[in-house]
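no sequence for this one, just the structure:
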């Protein structure tokens, strides 16, 4: 999971994408503090220069030999508002993993979206092209584009309660994926 560090014009990059970095680190911190760690490794990646597609492509190239071992990739890059829904890789909608995810995120105010995740974010696009399954955690974008790429993209636009909910949903999703033995590649239907 990851986010990217950059800003635009005179803004600080708080919503694009400091919030995504905070979500990824917040989820990792919560999971690290649990008494039982999941069986899979959780990797937090801070990408840079997302608008130029530099670091995401460089990361995929540097880790191309590991692509077959990466279970799942996702990126937080839509501000700090609540996560409303989660989409999983194709074929995962009816899995035990999706049912456990549905039960766990519902009390947090998020729902499972049975449509497959076709895009996990710009920074993980290179991994996806290399065959890594992606998930999409869809956030409320009500006012995202009011500050996106403007001088108004500053920390005072972040609602701490909504950021907390996003961190909670990402934490649950990430922990369950890392604790699961689901093979998201094998769940995908064969190509037609």
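Perfect, I can see it now. Computed from a predicted model, the values in this text were never measured in an experiment. Numbering: from 1, shown residues only.

Now do whichever helix or strand residue 99 is part of: distance to the chain's middle.
Assigning secondary structure by DSSP states H and E places residue 99 in helix 96-105. In this view, helix 96-105 has its centroid 16 Å away from the chain centroid, taken as CA atoms, centre = their mean, to the nearest Å.

quick one, helices of the protein?
Remark: helices assigned in the chain by DSSP state H are 19-32, 55-62, 96-105, 125-129, 144-147, 160-179, 184-187.

I'd like to know which elements the longest one is packed against.
If contacts are counted by 3 or more CB pairs under 8 Å, 6 or more residues apart in numbering; DSSP states H and E, helix 160-179 sits against helix 19-32, strand 83-87, helix 96-105, strand 136-139. Using the backbone N, CA and C atoms, a C-beta is placed for each residue, glycine as well.

would you turn these into a markdown table with mean neighbour count and mean pLDDT?
Below are the helices and strands packed on helix 160-179 laid out as a markdown table (neighbours: other CB atoms under 10 Å; pLDDT from 0 to 100):
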| stretch | mean neighbour count | mean pLDDT |
| --- | --- | --- |
| helix 19-32 | 20 | 97 |
| strand 83-87 | 21 | 98 |
| helix 96-105 | 16 | 97 |
| strand 136-139 | 22 | 98 |
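
And the helices of the chain: which comes nearest residue 39?
helix 160-179 (6.2 Å; CB to CB).

what about the closest one, distance to the chain center?
In terms of CA atoms, centre = their mean, the centre of helix 160-179 is found 9 Å from the chain centre.

just the angle between it and helix 96-105, please?
Orientation of helix 160-179 against helix 96-105 (axes from the mean of the first three to the mean of the last three CA atoms, to 10 degrees) gives an angle of 150 degrees.

who's in contact with helix 160-179?
1, 19, 22-24, 26-28, 30-31, 34, 38-42, 71-72, 74, 76, 80-83, 86, 97, 100-101, 104-105, 108-110, 135, 137, 139-140 (CB atoms under 8 Å, 6 or more residues apart in numbering).

What residues sit buried inside that helix?
Buried residues in helix 160-179, counting neighbours by 16 or more other CB atoms under 10 Å, are found at 162-163, 165-179.

how much does the helix holding residue 99 deviate in direction from strand 83-87?
Using the same axes, to 10 degrees: helix 96-105 against strand 83-87 is 170 degrees.

what residues does helix 96-105 touch?
Helix 96-105 has contacts (CB under 8 Å, 6+ apart) with 83, 86, 88, 92, 111-112, 114, 169, 172-173, 176-177, 180, 182.

go again using 6 Å as the cut-off
If you take CB atoms under 6 Å, 6 or more residues apart in numbering as the criterion, helix 96-105 is touched by 88, 92, 112, 169, 172, 176, 180, 182.

Could you measure from the nearest residue to the fourth one once chain neighbours are set aside over to residue 168?
Taking CB to CB, 6 or more residues apart in numbering, and ignoring the residues beside it in sequence, residue 169 has residue 83 as its nearest neighbour in space, at 4.0 Å. Residue 83 sits 8 Å away from residue 168, going by CB to CB, to the nearest Å.

Noted, bye for now.
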